Every structure is written in C-alpha cells, then in structure tokens.
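S.K.: sequence unknown, structure follows:
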C-alpha cells in the first residue's frame, strides 16, 4: 500500500532523462555507452550525416570506424548517433555502420529537428545532422560532440533566409561541439553573429583567436575567446553545465597544417559550386551535400581528404576534452546527477539511484 502512495518526481534528473529517452522515444543506447555514462566515464557523440550524406561508400564506413577507433585510443567511448528502421541508435556497431553507409540500400533521410517524427513514424533510416545529433546527445546526457563543421548562415541568406537549424539548436543545447568551425561554403561572419545572438560560447582551440574555415586554417574572422588545452576546455564545459546555462559551446579547431587547402583557391571553387547549385536549382537540405560533392570533384578529391583529416583531428581533441571532463567529476558519479525526490505527505527521503535501479511504480 505504501508503494502505491509514493510517487517519483523527476527533479530534472539526467538519470531519469536517459530512461525516458530509452523507453518512450524509440531509442536504443548500446551497453558500452550506457555503462560509460552510468559510471561517469568519457563519452563522445558523433554524427552520422557524414556517413550518409558526406562521403561515398565504402569510404564513409572506413572513416567512421577510424574515427571511433581514435576516440577509443584516447580513453573515451564513441557514441555514433543515427536512426535505423525508425529507432534512434546511440552507439553503432560495425554492422550498423555498413548498413547505414550503403546508402543505395539504406536510403537514409538527412535528419534534423523537423525530420525526426517523420523518419521514426515511417520506420526509415536517418543520418542525424549536427542539429539532430545535438538533440539526442543532450537528452542522453552526453556532454561532448565531435564533428567536421557545423552548418550556419548560407551565402545570400538575406534573400534566401537559408540558415541552418544547427545554430538554434546550439543555442538551446548543453552539449559542447568540437568542429573545424563552420563549413566554408557558408557565410562565416554572419554565422558568428548569429551564434552570438543565440548565446553560444565560441572559442578557438589553440593559441590564437583566428577562427578556422573548415578546409583552411583561417577564415579572416576572430573568435571571442581561445582555449589552449583540453583541461581548460573541460573546465569551461563543467562550469557551463553547473550553471545550467542550457546553451551550447562551440570549440573551433583549425585543420592540421599538412592537410589545409589554400583559402583563395577554396573560395574560387566554392563560388563555382554555388553557381552550379543556382543553375540546377538545388535548395534546402540538398544544398550542402551538393556543394561538398562539387567541391570534391573540382579539387580532384583533395577536399575530401582534408575533410577526413579534420574530422579525425576533431575526434581526437574531443576525446581528450571528454577524458578531462570526466576526471573533474566525483569517481563513479554521473555528470550533473541530481537526487530523485521520493515523498508522500508525511514521509520524505532523498536517494540517488542508478538507471537500472529505477522501476515503474
């Protein structure tokens, strides 16, 4: 009788948030990722549009496996996020990656916030964009996310209003994104202004404030801050989460020197690719994959090699930050774990429970 009179109040608990995600939102979290989260170990979220819409098969799968290997080699657990047959997957095995990466068979949908309901209800496959990955990572309480480059304000957005949903999601997510800035096909100055409006903390990772331009080391823009080490980045992330600011962090990592492309040549190629897109009336969610493919073709594959190199470098740095962040937590404690309040009118007791201990009453 007493059990029936008690109620569990969620008190914004990340532990309960993960359980709601698992049981009510068609989500499957692998045992490896779940164990890491429950034990306060380092976890790095990875997106899947780079697999489904960013690279050709089988290079996409090879790259994804190598990126996951880099994360593991630095002491963190990779959590590649995607949708498979209408189920959100947090963590993919090699078979999942191969099935998703063979896009002729899997026919994945590029999945941002607006697309989730359709993809899940239709039991489709989906590659999650930066926006889509942020949504899932935030609800799964994964604090670090590595990607190549975020979306942003497109060129001529003043007439097209083409602005990536990534930017708004960054403004309402508690996840820190490690990327090589924004994709160089975009309007970098306007994107930085938009991020400021959204309250997103933007910093370069390194010793200068020169904001990178994806394929190139410098964009000509200056970031508000620079972060010199993984430890410093972790301290900022922890402080932001402790303050419950509920807005994101963008850490912009320059592409390694040996893989950087000349910015003037890249801009010429981008201008040609943008003209091609206009002539072929390519719009909306198709524009970024189209431009990246055209740039790869025009650079004879050099841009694709640079893309792979910067993604791997970002994964390495994100893993180092995740390990540092995990070290700032109490041993065995989940990041931001709060107590669950159990009480009746005359009985009150506080308890912190692991996910597996929570049972419906």
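M.R.: Everything's here; your move. Computed from a prediction, not measured in an experiment: that's the story for all the values here. Numbers count the residues shown, from 1 in each chain.

S.K.: for residue 27, name its beta-bridge partners.
M.R.: Note on residue 27: beta-bridge partners by DSSP bridges are residue 88.

S.K.: got a list of what it touches?
M.R.: Neighbouring residues of residue 27 by CB atoms under 8 Å, 6 or more residues apart in numbering: 21, 87-90, 136, 140. The way it works is simple: take the backbone N, C-alpha and C, and place the C-beta from them, glycine included.

S.K.: for residue 309, same thing?
M.R.: For residue 309, the contacting residues are 255-256, 259, by CB under 8 Å, 6+ apart.

S.K.: quick one: what helix or strand has it in it?
M.R.: With elements taken from DSSP states H and E, the one containing residue 309 is helix 302-327.

S.K.: and for residue 78?
M.R.: Residue 78 is part of strand 77-84, with elements assigned from DSSP H and E.

S.K.: can you give me the angle that strand makes with helix 302-327?
M.R.: Interaxial angle of strand 77-84 relative to helix 302-327 (axes from the mean of the first three to the mean of the last three CA atoms, to 10 degrees): 120 degrees.

S.K.: packing partners of strand 77-84?
M.R.: With contacts defined as 3 or more CB pairs under 8 Å, 6 or more residues apart in numbering; DSSP states H and E, strand 77-84 has these neighbours: helix 31-38, strand 43-46, helix 59-73, strand 87-90, helix 94-101, helix 116-121, strand 126-128, helix 130-139.

S.K.: contacts for whichever helix or strand comes after the last one?
M.R.: Which is helix 130-139. Following helix 130-139 in sequence order, the next helix or strand is strand 144-146 (DSSP H and E). The contact list for strand 144-146 (CB under 8 Å, 6+ apart) reads 42-47, 67, 71, 130, 133-134, 137, 175-179, 237, 311, 314-315, 317-319, 321-322, 325.

S.K.: mean confidence score for strand 144-146?
M.R.: For strand 144-146, mean pLDDT rounds to 99.

S.K.: may I have the strands that pair with that strand, each with its orientation?
M.R.: Note on strand 144-146: by DSSP bridges, its sheet partners are strand 43-46 (parallel), strand 176-179 (parallel).

S.K.: deepest-packed of those, please.
M.R.: Across these, averaging neighbours per residue (mean count of other CB atoms under 10 Å) puts strand 43-46 on top, at a mean of 30.

S.K.: Provide the partner residues of the residue nearest the centre of the chain in its beta bridges.
M.R.: Note on the chain: the residue nearest the mean C-alpha position is residue 145, at 4.1 Å, using CA atoms, centre = their mean. As for beta bridges, residue 145 partners with residue 45, residue 177 under DSSP bridges.

S.K.: if we can go back for a sec, closest one to residue 220 among the helices and strands packed on strand 77-84?
M.R.: Residue 220 lies closest, by CB to CB, to one member of those: helix 130-139, at 22.7 Å.

S.K.: got the contact list for the closest one?
M.R.: For helix 130-139, contacts defined as CB under 8 Å, 6+ apart pick out 17-18, 20-21, 25, 27, 45-49, 79, 81, 88, 90, 111-113, 115-116, 126, 128, 145, 147, 150-151, 164-166, 168-170, 173-175, 177, 179, 248.
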